[in-house]
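S.K.: following is a predicted model, sequence given first.
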Amino acid sequence: MQQTGMYTYRQEYRQVCSERRSDERVHNDSRQNDSDYRGEGLYKIDRQARRIAAIRGAAKQKGVELFINARTDLFIDQKGNPALSVGAALDRAKTYAGAGASGFFIPGLRDDTLIGQICEAVELPVNVMIMDRIPPVDRLRKLGVSRISYGPIPYINAMDTLEQQAEKIFS
């Protein structure tokens, strides 16, 4: 079984194909990051496409309707000009769509012009993450963004509030 970072294909297959009652309607969502968590940057496009195709195949074999949100980390913590990564992002989106992805997630991209370019060029629904300096939701909708993720923001806010309350109680 080939390793894919933190998981093997078999583990992904088990996750996708977990048994469910036949009368349940379940929305399944699988987010596939293209970051290699061993510190080697991003997975090569063809490797990530194989991972997506394996998950799509497993879901199809089991009859599970699965939304695979293929994420690219090209724009996360980017130090340079994000416009220089748009071409690579579009290449990834096209390849991931061909492998069976259902959506394309571009966390870290904040520039509305670049977000609009990606939405216009990509056949998949585009997902962005709410963060500082990202355009307002109405603007994102007009640009063609289909999904919005809040990432860790609600958790961070909750922990900040909890910490402030604890400081009041214990001071």
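M.R.: All right, it came through fine.

S.K.: those strands in the chain, which residues are they?
M.R.: 3-4, 7-8, 28-33, 66-71, 103-105, 126-129, 145-149 (DSSP state E).

S.K.: could you list the low-pLDDT ranges of the chain?
M.R.: 1-40 (pLDDT under 70).

S.K.: give me the most central residue, it.
M.R.: Closest residue to the average C-alpha location of the chain: residue 71 at 3.3 Å, with C-alpha atoms, centre = their mean.

S.K.: distance of the nearest residue to that one once chain neighbours are set aside from residue 73?
M.R.: Using C-beta to C-beta, 6 or more residues apart in numbering and skipping residues adjacent in sequence, the residue nearest residue 71 is residue 105, 3.9 Å away. Where C-beta positions appear, they are placed from N, C-alpha and C, glycine not excepted. Per C-beta to C-beta, to the nearest Å, residue 105 is found 9 Å from residue 73.

S.K.: when these two are compared, which one has more neighbours?
M.R.: Taking other C-beta atoms under 10 Å, residue 105 and residue 73 do not tie; residue 105 has more neighbours (24 against 18).

S.K.: test my guess that that one contacts residue 127.
M.R.: Yes - using C-beta atoms under 8 Å as the test, residue 105 is close enough to residue 127 to be in contact (4.1 Å).

S.K.: can you list residues touching both of those two?
M.R.: Residues touching both residue 105 and residue 127 by C-beta atoms under 8 Å, 6 or more residues apart in numbering: 69, 71, 147, 149.

S.K.: out of those, which are buried?
M.R.: Among the shared contacts of residue 105 and residue 127, those scoring as buried are 69, 71, 149 (criterion: 16 or more other C-beta atoms under 10 Å).

S.K.: residue 168: which of those is nearest?
M.R.: Distance to residue 168 across these (C-beta to C-beta) is lowest for residue 149, with 31.6 Å.

S.K.: mind listing the residues bridging to that closest one?
M.R.: Counting by DSSP bridges, residue 149 is bridged to residue 129.
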